[in-house]
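Colleague: Provided below for reference: sequence and predicted model.
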Amino acid sequence: MRTVKPLLRGMFIPGMLFLGACCCEKDVVVAPEPPPASVELGDIFFDYDKSELRAEATQQLQKNFDWMKQNPAGTLVIEGHCDERGTNEYNMALGERRANAAKDYMVNVGAEAARMQTVSYGEERPFALGHDEASWAQNRRAHFVGQGGAAPAAAPAK
Amino acid sequence: MITCSEKSWTSRYVVAALMLLWCFFLSPLTLHAAGQGEYIAIRKQGAGKISIVLDRSTAKGGKDSEWAQQIDKTVKDGLVFSNLFSILPPPSNVRSAGDGKGGASVNFGALNSVGAEVYAGGSVAKKGGKVNLDMEVYDTFGTKLLLKKSYSGKENQIRSLAHAFCADLIELLTGKKSYFGSKIVFVSGKSGLKEIYQCDFDGEGLQQVTNLRSISLSPVLSPDGSYLAYTSYSSGRPTLYIRSMSDSKVSSVSKSGVSVDPSWRNGAEVATTLSFEGDQEIYLVRPDGGIARRLTNSRGIDVSPTFSPDGRQMAFVSARNGLPQIFILDVQSGLTKRLTFSGRYNTQPSWSPSGDKIAYTTWEKSGEINIFVINADGSGLKRLTGGARENESPSWSPDGSMIVFTSNRQGGKKLYVMSSNGENQRRLLQMDGDQMQPSWSLFR
């Protein structure tokens, strides 16, 4: 018995290390799949009192269309927003026109209309809370919310 | 926090409505009709404020005196609110002799010496378990009795008693029905969470109407007060709801797209902007939520309808020429003409109950938003606010004498009232958060 005790003692630390390595194995050994060059959804911005798309907006909309292609089960909610200036009721209508302008462009380049929904928030949900042009420019936007994307392993884009 | 359940709110509403009816129909009415027309004829329009001595109501002590004090204060506040009177303190010897009853006891000499044109005084007593107010009104120059009337009600109806007298007095002296039973509905909250509230014409009696924990906007009561139309995001997108005030039943428009800014037409239909056919157009909707018909047909935003009292004409905002301007549509013929040519951004039209004027807001080059009024034929443009930041959402009192609106002149958006000529602008309501989109009821 005297010889067994030190032996067991000597094996304790390597044993624990071994057990620990066994437990970690799954996480450590299985490398994550290389993420597919996933496309992020992005918002587009508008000029004052306008719902016409700017040139750089169409580039972003193309990327958003790519997201739809990559996430064939994904759907989009396109929110139309306005800055705080002007009057609430008019901006509610303007926000819808912005969301629709974005949706119409995507449909024209080949996106399925049935996978996109629009909602206007007018000036009810501003992103930037300041009262200056920098904030206003941020708030004149169409905001894209992806839902049910990520058919494979990739996390849903936010 | 002011919260109250939908049920208790409607039951209170019903009680208030019954009470009003009762005040007007059951109390013995002894209006000295001969005096009315004559007095108005003598006082010409625009003769300035009416000098009135409002005497303290007499009472026999105890509870009666408490009631008398409450009534006197409510009557005085009501008359001050109207901005029609200059209220003079009663001369000490105003009731010269006698027991305080009958015309003989009023000292007209004393009243004339302080420049009073009208004297109003009365007594308060408990009669048959109810509060009874006997009021007399005299023309002090002719020493003529203009009004003698009794008002009675339960103890919790004292405010309505006093307001019933105010309404009678103003109708007697101006020939116009007043607004003492009217309500103002409005939106209060912060961005992302807005509920609908209502208060009395003077900001008292604040009550929460919706508790949807969503964004609820643009409330407007039907002319008789039986329905409330509003837009809410409670289903995820802005939808028109029409709620029966008696049983809280709600109908909605089940169409895709937005619904923006409803308005009643003749109490039978609601006009609102819908976009289910693609472009944003104004439609008439029945109280059950069914679409009656489409009113506008032009590319671009058409929004914010408001109707002439006969319902034949609709003023609205259209961006058909670029920036928003106000147009008038003849509902029958479909002919549309542009109303506003001054100002680059004109929105939020509100047609006056008398039918001759339209109030609206202009976003001016200075950055201010101001309220203007214009005749329905396009003449007589007049600015009502100025030099006080953003002033929005005008809505007329049912008698057309006042306008409620939103202003951020002191920081946050709050409710204000002014006379319809822009005078006497003042805060209506002390309440936390932002308040917006007030709409004054047509009933009163």
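Modeller: Yes, it's here.
Colleague: make it CA atoms for all contacts and neighbour counts henceforth
Modeller: OK.
Colleague: Can you pull the residues of chain B lying near chain A?
Modeller: When proximity is defined by C-alpha under 8 Å from any C-alpha of the partner chain, chain B lies next to chain A at B:191-192, B:215, B:237-238, B:257-258, B:260-261, B:280, B:301, B:303-304, B:323, B:347-348, B:363, B:392.
Colleague: Show me what the host helix or strand of residue B:326 is in contact with.
Modeller: Element membership for residue B:326, per DSSP states H and E: strand B:325-330. Strand B:325-330 is contacted by residues B:312-319, B:335-341, B:344-347, B:349 when judged by C-alpha atoms under 8 Å, 6 or more residues apart in numbering or on different chains.
Colleague: from those, which ones fall inside strands?
Modeller: B:313, B:314, B:315, B:316, B:317, B:318, B:336, B:337, B:338, B:346, B:347, B:349 (DSSP state E).
Colleague: Spell out the residue ranges of the strands in the stretch 301-444 of chain B.
Modeller: B:302-307, B:313-318, B:325-330, B:336-338, B:346-351, B:357-363, B:369-375, B:382-383, B:391-396, B:402-407, B:414-419, B:426-427, B:434-440 (DSSP state E, counting those that start in this stretch).
Colleague: Chain A too?
Modeller: Going by DSSP E, chain A shows strands at A:44-45, A:75-81, A:116-122, A:141-147.
Colleague: if we can go back for a sec, with mean neighbour count and mean pLDDT added, can I get the strands of the stretch 301-444 of chain B in a markdown table?
Modeller: Listed next are those as a markdown table, based on neighbours: other C-alpha atoms under 10 Å in any protein chain shown; pLDDT from 0 to 100:
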| stretch | mean neighbour count | mean pLDDT |
| --- | --- | --- |
| strand B:302-307 | 28 | 98 |
| strand B:313-318 | 26 | 98 |
| strand B:325-330 | 22 | 98 |
| strand B:336-338 | 14 | 97 |
| strand B:346-351 | 28 | 98 |
| strand B:357-363 | 25 | 98 |
| strand B:369-375 | 23 | 98 |
| strand B:382-383 | 16 | 98 |
| strand B:391-396 | 28 | 98 |
| strand B:402-407 | 26 | 98 |
| strand B:414-419 | 24 | 97 |
| strand B:426-427 | 16 | 97 |
| strand B:434-440 | 25 | 97 |
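Colleague: These into TSV, with extra columns for distance to residue A:76?
Modeller: Output for those, formatted as TSV (distance: least, C-alpha to C-alpha, whole Å):
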stretch	distance to residue A:76
strand B:302-307	27
strand B:313-318	30
strand B:325-330	34
strand B:336-338	39
strand B:346-351	32
strand B:357-363	35
strand B:369-375	36
strand B:382-383	45
strand B:391-396	34
strand B:402-407	36
strand B:414-419	37
strand B:426-427	44
strand B:434-440	32
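Colleague: My guess is residue B:442 contacts residue B:395. True?
Modeller: No - the criterion here is C-alpha atoms under 8 Å, and residue B:442 misses it with residue B:395 at 10.4 Å.
Colleague: from the ones in strands among the contacts of strand B:325-330, which is closest to chain A?
Modeller: Of all the ones in strands among the contacts of strand B:325-330, chain A sits closest to residue B:347, with 7.1 Å by C-alpha to the nearest C-alpha.
Colleague: contacting residues around the closest one?
Modeller: Contacts for residue B:347 were tallied using C-alpha under 8 Å, 6+ apart; they are A:87, A:90, B:304, B:316, B:317, B:324, B:325, B:326, B:360, B:361, B:362.
Colleague: Nearest residue to the fourth one in space, please, no chain neighbours.
Modeller: Of all residues not flanking residue B:316 in the chain, residue B:305 sits nearest, at 4.4 Å (C-alpha to C-alpha, 6 or more residues apart in numbering or on different chains).
Colleague: which outside residues touch stretch B:215-227?
Modeller: With contact meaning C-alpha under 8 Å, 6+ apart, stretch B:215-227 is reached by A:124, B:185-187, B:192-196, B:228-234, B:242-246, B:260-264, B:266-267, B:437-443.
Colleague: Now the buried members of those residues.
Modeller: A:124, B:185-187, B:194-196, B:228-233, B:242-245, B:260-264, B:266-267, B:437-443 (16 or more other C-alpha atoms under 10 Å in any protein chain shown).
Colleague: Mark which of these are part of strands, please.
Modeller: Counting by DSSP E, the part of the buried ones among the contacts of stretch B:215-227 found in strands is B:185-187, B:194-196, B:228-232, B:242-244, B:260-264, B:437-440.
Colleague: Show the contacting residues for residue B:49.
Modeller: Neighbour list for residue B:49: B:83, B:84, B:85, B:86 [criterion: C-alpha under 8 Å, 6+ apart].
Colleague: With respect to chain A, which of these is nearest?
Modeller: Using C-alpha to the nearest C-alpha, the shortest approach to chain A within the contacts of residue B:49 belongs to residue B:83, at 29.4 Å.
Colleague: Now do the helices for chain A: every range, in order, please.
Modeller: A:4-29, A:55-70, A:88-108, A:133-139 (DSSP state H).
Colleague: The ones you listed: lowest mean pLDDT?
Modeller: In terms of average pLDDT, helix A:4-29 trails the rest of the helices of chain A, at a mean of 60.
Colleague: need the residues of chain A near chain B, please.
Modeller: Contact residues (C-alpha under 8 Å from any C-alpha) of chain A with chain B: A:49, A:86-87, A:89-90, A:92-94, A:96, A:118-120, A:124-126.
Colleague: Map the structural domains onto the sequence of chain A.
Modeller: In terms of domains, chain A is parsed into A:1-31, A:44-147 (source: automatic domain parsing).
Colleague: out of the ones you listed, deepest packed?
Modeller: Comparing these by mean neighbour count (mean count of other C-alpha atoms under 10 Å in any protein chain shown), domain A:44-147 comes out on top with a mean of 20.
Colleague: Pull up the distance across that one, start to finish.
Modeller: 18 Å (C-alpha to C-alpha, to the nearest Å).
Colleague: Show the contacting residues for the residue nearest to residue B:187 when sequence neighbours are not counted.
Modeller: Excluding the flanking residues, the one nearest residue B:187 by C-alpha to C-alpha, 6+ apart is residue B:196, at 4.6 Å. By C-alpha under 8 Å, 6+ apart, the contact list for residue B:196 reads B:185, B:186, B:187, B:188, B:208, B:209, B:210, B:211, B:216, B:217, B:219.
Colleague: now those: which count as buried?
Modeller: Buried residues within the contacts of residue B:196, defined by neighbour count using 16+ other C-alpha under 10 Å: B:185, B:186, B:187, B:188, B:208, B:209, B:210, B:216, B:217, B:219.
Colleague: domain assignment for chain B?
Modeller: When chain B is cut into domains by automatic domain parsing, you get B:6-174, B:183-440.
Colleague: what would the contacts of residue B:196 look like in CSV with pLDDT?
Modeller: CSV is the format used below for those (pLDDT from 0 to 100):
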residue, pLDDT
B:185, 98
B:186, 98
B:187, 98
B:188, 98
B:208, 95
B:209, 95
B:210, 95
B:211, 94
B:216, 97
B:217, 97
B:219, 98
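Colleague: so the strand holding residue B:326 versus strand B:346-351, what angle?
Modeller: 40 degrees (axes from the mean of the first three to the mean of the last three C-alpha atoms, to 10 degrees).
Colleague: May I have the strands that pair with strand B:325-330, each with its orientation?
Modeller: strand B:313-318 (antiparallel), strand B:336-338 (antiparallel) (DSSP bridges).
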